[in-house]
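In: Build me a model from this:
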Amino acid sequence: MTAAHEIASLLDRLSRLHGTGRRAAGLNPAQASALDYLARANRFSRTPSAVADYLSATRGTVSQTLKSLAAKGLAQEGPGGSDRRSRRYDLTPQGQAVAGALDAAPQVDLPASQMEEVRDALQQLVRGMIAARGGRSFGLCRSCRHHRASAQGVHCALLDVPLRDEETTQICQEHEPGRTEKARPDGCDAGGE
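Out: Purely as a prediction, here's the structure:
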């Protein structure tokens, strides 16, 4: 067995072990992943197409998943912007609570420094896979080349909109790594979010 094959097998097993805890919350893996994404995404990135891109899933599957989260009272559907056809899903207070419970640290007995090494290695793997497939980085707003901070506040130069402070630590589908930074997948930046 090659190292690459063994890594793939370990990642698959790790994903299944992680999913067991999420199923305990009454969510299937797709619902848990979509809920986690919505909890971390900014207001511009909560559309069905953005969720589908991030999860590497079909739009039809994601649409059904989002509707099921809404039916469970965990998310609510609303207008997605100036285009009346565009839809956006925001978490309800109940959805935020469930997402917070899903976010609990895994029970792994490793020193913090070793956890950081594992995180960094996994981030590198994800970056490589995203680059190989031509996907988007979905990085943190504050690490994007379009992020602007001034005395007037924070601004997205790409979308030409002001940003709330909390949005700078959320992931965005429009993210483009800054000139001196590498793309950080899954909403992680050099600060180790």
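
In: Tell me which residue lies nearest the centroid of this protein.
Out: Residue closest to the mean C-alpha point of the chain, counted by C-alpha atoms, centre = their mean, is Y37 at 4.1 Å.

In: Spit out the contact partners of that residue.
Out: Y37 makes contact with V51, Y54, L55, I171, according to C-beta atoms under 8 Å, 6 or more residues apart in numbering. C-beta here means a position set from N, CA and C on the backbone, and glycine is covered the same way.

In: quick one, what contacts the first one?
Out: The contact partners of V51, taken as C-beta under 8 Å, 6+ apart, are A34, Y37, L38, A41, A57, V62, T65, L66, Y89.

In: Tell me the pLDDT of the third one.
Out: Spelled out, that is L38. L38 is assigned 97 on the pLDDT scale.

In: That one looks like it's in a strand, true?
Out: No. L38 sits outside any strand when classified using DSSP: H, G, I helix; E, B strand; the rest coil, being helix.

In: Measure how buried it is and give me the count.
Out: Burial of L38 is recorded as 24 neighbouring residues (other C-beta atoms under 10 Å).

In: Which ones among the contacts of Y37 lie within helices?
Out: V51, Y54, L55 (DSSP state H).

In: what would these look like in JSON lines with distance to Q123 and pLDDT?
Out: Shown next, in JSON lines, are these (distance: C-beta to C-beta, whole Å; pLDDT from 0 to 100):
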{"residue": "V51", "distance to Q123": "21", "pLDDT": "96"}
{"residue": "Y54", "distance to Q123": "15", "pLDDT": "93"}
{"residue": "L55", "distance to Q123": "17", "pLDDT": "93"}
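
In: wait, which of those is closest to G78?
Out: Here the nearest of those to G78, counting by C-beta to C-beta, is V51; it sits at 14.5 Å.

In: measure the closest one to R87 for me?
Out: Distance, V51 to R87, by C-beta to C-beta, to the nearest Å: 11 Å.

In: same question, C144
Out: C144 sits 24 Å away from R87, going by C-beta to C-beta.

In: okay, the two: which has more neighbours?
Out: Higher neighbour count among C144 and R87: C144, with 23 against 17, using other C-beta under 10 Å.

In: give me the element A101 is part of.
Out: Secondary structure from DSSP states H and E places A101 in helix 93-102.

In: as a whole number, average confidence for that helix?
Out: 91.

In: next one: that helix to chain centre, how far?
Out: The chain centroid and the centroid of helix 93-102 are separated by 15 Å, computed with C-alpha atoms, centre = their mean, to the nearest Å.
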